[in-house]
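[1] Any chance you could fold what I've pasted below:
(one chain, ligands or ions: 1)
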Amino acid sequence: MTFNHIPSDLKAADLAKGKKLFSKNIKFILSAPKEEFLPPPTLPEIAFAGRSNVGKSSLLNAVTNHMKMARTSNTPGRTQELNYFDINQQLYLVDTPGYGYARASKTKVSQWQQLIKDYLAYRVPLKRVYLLIDARHGLKKNDIEIMDILDKAAASYHIILTKIDKIKENEISPLIISTEKQLKDHPAAYPFVLATSAEKKLGIDALRAFISSFI
Ligand code: GDP
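    Coordinates of the predicted model:
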């Protein structure tokens, strides 16, 4: 049986809304190294977070349909800032710094944590965090740490499995089920997991639909 990449909680109208939102004007607007550089809180914000190399740039590029919207790079830990993308002046997508890269210094990690914690704790227009998890690795210690921070801040987050083309098709559903089981202890987590592949463009329409529900 082939895996269905459209979750059953999405309707045709949701998918159409997502498609429409991302067919419009999309542009990078700013990079904020600190809270005080954030734009005025005028639009709903959706953040993307995850370990370095999880496929965050690739997923952002796929969702926005812009090949170079977020720089895809094999140099983990490259960005230490919050990068804002304006989606048709209706919503901001916010790319947060990748975490958990072994070569990043303790100071860098704590700076990242401080920035993300402050952003999560005080950012009123932040509607949802998409927390990306590599399908081959599952939830790791530092993912759980971020989830705990989000739970404490009551910041709603949704787990996305990335690179599902790298695992066997018959492993996808069991992985989703076991990940969703782990979410039971995390009150701020959306209870369902979305499986994606930027490479094979799987789950992208679904993600667009989820994001467009915030406008
Ligand atoms: P980031 O550090 O989280 O922004 O990750 P990148 O988007 O730069 O991706 C890290 C590596 O994973 C790159 O070599 C990508 O080509 C690869 N990658 C990203 N998404 C996918 C995917 O959906 N499938 C496969 N097979 N590889 C991917």
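[2] When you work out contacts or count neighbours from here on, use the C-alpha atoms and nothing else.
    OK.
[3] right, and the helix or strand after the lowest-mean-pLDDT helix or strand in the chain?
    Ranked by mean pLDDT, DSSP states H and E, the helix or strand of the chain with the weakest confidence is helix 106-122, at a mean of 76. Following the chain from helix 106-122 toward its C-terminal end, the next helix or strand by DSSP states H and E is strand 126-134.
[4] Please enumerate residues in contact with that next one?
    44-51, 54-56, 120, 139, 143, 155-164, 214 (Cα atoms under 8 Å, 6 or more residues apart in numbering).
[5] Using PyMOL, define a selection of the buried residues within these.
    Of the contacts of strand 126-134, the buried ones can be selected in PyMOL as follows, counting by 16 or more other Cα atoms under 10 Å:
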select buried, resi 44+45+46+47+48+49+50+51+54+55+56+120+139+143+155+156+157+158+159+160+161+162+163+164
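[6] so of the contacts of strand 126-134, which ones are in helices?
    With helices identified by DSSP state H, the entries of these that belong to them are 56, 120, 143.
[7] dump the residue contacts of the residue nearest to residue 63 when sequence neighbours are not counted.
    Among residues not flanking residue 63 along the chain, residue 204 sits closest, at 5.9 Å (Cα to Cα, 6 or more residues apart in numbering). With Cα under 8 Å, 6+ apart as the criterion, the residues that contact residue 204 are 62, 63, 196, 197, 198.
[8] again, 7 Å this time
    Contacts of residue 204 were listed using Cα atoms under 7 Å, 6 or more residues apart in numbering, and they are 62, 63, 196.
[9] want to throw those residues into JSON lines with distance to the ligand, pLDDT and secondary structure?
    What follows is those, written out as JSON lines (distance: Cα to the nearest ligand atom, whole Å; pLDDT from 0 to 100; DSSP: H, G, I helix; E, B strand; the rest coil):
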{"residue": "62", "distance to the ligand": "9", "pLDDT": "94", "secondary structure": "helix"}
{"residue": "63", "distance to the ligand": "12", "pLDDT": "95", "secondary structure": "helix"}
{"residue": "196", "distance to the ligand": "7", "pLDDT": "97", "secondary structure": "coil"}
